[in-house]
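Chemist: Below are the sequence and a predicted model; questions follow.
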Amino acid sequence: MDFGDISARGLVLLGCGKMGSALLQGWLSQGLPAAAVHVIDPAPSDWVLAQGVHVNAALPDDPAVVLVAVKPQMMGAALPRLQAFGGGATLMVSVAAGTRIAAFEAVFGAATPIVRTMPNTPAAVGRGITAICGNAMATAAHLAIAETLMSAVGQVVRLDGEHQMDAVTAVSGSGPAYVFHLIEALAAAGAAQGLPADMAMQLARATVCGAGELAWRAPESAAQLRVNVTSPGGTTAAALAVLMDPDTGFPALLARAVQAATDRGRELGA
């Protein structure tokens, strides 16, 4: 991966928890020099300290990128330290959920190029997906830099604008929790039919993970993969008649769930 100007000018990583560490691991494994990374974190892990990056040390005068990976509630205390990098040639990239571009412009100035991203937790295993969008000062080159950085932990999609971010949060940001709950519910349903609870959980977990891997690798659409598993009049068809009911099945349930998450995202960002 070509990190270009970042290798020469440096990257400041504000916050190195789970997401920050996943990104750092991806960058280092894909060729970003450890010496180019400057981590700011109040409690860096032993892993971070062992990577050869600068930790809580003096920052470069003109870093290519400042990437903000702290929790939204910590933003107010953390950002002022970086305010001097605003309005210049430094690109600000945010992975902070629910924090709108306007909040960063209020700190760094509207002349600062800012890219907001929404990754999800499968980034921890390199299988995340991240949506990105920029402010008026973010050029195609800035978006390309952000895409390079976020692709270290999975796929990247570009949005038409920030107005789509709440829907992204509801689908892919919160989506892993929906899948984890599916595993819980499927295991509970198996136990209700007489399986030992631990076996039901093993079956449910392996089934969801295996189906996800098949969906990832197969050239067919999800709809076609579903058809491939469904024999007319068989057991899968009987189950799908319940799950695909337009009023009480998955379509209506997930539509309500994603709507609720989208609405909440708008409320939090207001």
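Modeler: Great, that's in hand.

Chemist: And the strands in the protein?
Modeler: 11-14, 37-40, 54-55, 65-68, 91-94, 114-118, 128-134, 154-158 (DSSP state E).

Chemist: Run through who's touching the first one.
Modeler: By C-beta atoms under 8 Å, 6 or more residues apart in numbering, the list of residues contacting strand 11-14 from outside reads 20, 23-24, 27, 32, 36-41, 59-60, 63-70, 78-79, 82, 85, 149. Every C-beta, even on glycine, is put in place using the N, C-alpha and C of the backbone.

Chemist: now do the same end-to-end measure for stretch 80-100.
Modeler: End-to-end span of stretch 80-100 (C-alpha to C-alpha, to the nearest Å): 17 Å.

Chemist: Would you convert the strands of the chain into JSON lines that also reports mean neighbour count and mean pLDDT?
Modeler: As requested, the strands of the chain are exported to JSON lines (neighbours: other C-beta atoms under 10 Å; pLDDT from 0 to 100):
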{"stretch": "strand 11-14", "mean neighbour count": "25", "mean pLDDT": "96"}
{"stretch": "strand 37-40", "mean neighbour count": "23", "mean pLDDT": "96"}
{"stretch": "strand 54-55", "mean neighbour count": "17", "mean pLDDT": "96"}
{"stretch": "strand 65-68", "mean neighbour count": "25", "mean pLDDT": "96"}
{"stretch": "strand 91-94", "mean neighbour count": "27", "mean pLDDT": "96"}
{"stretch": "strand 114-118", "mean neighbour count": "26", "mean pLDDT": "96"}
{"stretch": "strand 128-134", "mean neighbour count": "24", "mean pLDDT": "97"}
{"stretch": "strand 154-158", "mean neighbour count": "16", "mean pLDDT": "97"}
